[in-house]
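Engineer: turn this into a structure:
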Amino acid sequence: MNKLWPIAVFSMFDLAIASILTYLDQRPDKFFMFFMALAVLWVLPALVGIWSLIKFWICYPLFIKRKLVRIYKAQLHQFNFPSTRSHFDHIDYLSSVIENGDGEKDARNKAAFILGEMACYKSERPFTMGLAVQHAFEQAMEEYRARVGVT
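Structural biologist: Residues are numbered from 1 along each chain as shown. Next up is the predicted model:
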């Protein structure tokens, strides 16, 4: 029940706004105005969200993906990460870098930072940036080759 109270409060606000609009409307059919106001208050935000999702996934391969992959590859090179050849998943790779005691401390710290950043994106924007940073990092892993002498 504790998780349902925000939905109940916001629904009461929507019902109050729809009631006020219905009261101010001059038409004899008050139910029509009430249900139209609720439809606008409940359906329009969902349609705007879906349209924003479509726009993001159209813009991602055109503008964002290349830049994210370039940033992640630069970080992999800058902090001398070990080779990605034996790993196919970003979580598996970053976890092995963090747990590996032989690697450089800067690489372990950066791997923890990247993993935390990805977890934040996954929880805050799971269908847009959450998936985008995972995909971009895995692409950067494919393109990354550690320098000679680094295992």
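
Engineer: may I see the buried residues of stretch 22-36?
Structural biologist: Judged by neighbour count (16 or more other C-beta atoms under 10 Å), stretch 22-36 contains these buried residues: 22, 33, 34. C-beta coordinates here come from the backbone N, C-alpha and C atoms, glycine included.

Engineer: one more: stretch 39-50?
Structural biologist: residue 41.

Engineer: contacts for that stretch, please.
Structural biologist: Around stretch 39-50, the neighbours that count as contacts under C-beta atoms under 8 Å, 6 or more residues apart in numbering are 14, 17, 18.

Engineer: out of those, which are inside helices?
Structural biologist: 14, 17, 18 (DSSP state H).

Engineer: please pick the buried ones from these.
Structural biologist: residue 18.

Engineer: name the nearest of the ones in helices among the contacts of stretch 39-50 relative to residue 97.
Structural biologist: residue 14 (48.1 Å; C-beta to C-beta).

Engineer: contact partners for that closest one?
Structural biologist: 38, 41, 42.

Engineer: ok, the nearest residue to residue 68 once chain neighbours are set aside - contacts?
Structural biologist: Distance criterion C-beta to C-beta, 6 or more residues apart in numbering; nearest residue to residue 68, sequence neighbours excluded, is residue 136 at 3.6 Å. Taking C-beta under 8 Å, 6+ apart, we find residue 136 in contact with 64, 65, 68, 69, 72.

Engineer: returning to what we had before: can you redo the contacts of residue 14 as JSON lines with distance to residue 97, pLDDT and secondary structure?
Structural biologist: Below are the contacts of residue 14 laid out as JSON lines (distance: C-beta to C-beta, whole Å; pLDDT from 0 to 100; DSSP: H, G, I helix; E, B strand; the rest coil):
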{"residue": "38", "distance to residue 97": "51", "pLDDT": "92", "secondary structure": "helix"}
{"residue": "41", "distance to residue 97": "48", "pLDDT": "92", "secondary structure": "helix"}
{"residue": "42", "distance to residue 97": "46", "pLDDT": "90", "secondary structure": "helix"}
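
Engineer: out of those, which comes closest to residue 27?
Structural biologist: Taking C-beta to C-beta as the measure, residue 27 lies nearest residue 38 of those, at 15.9 Å.
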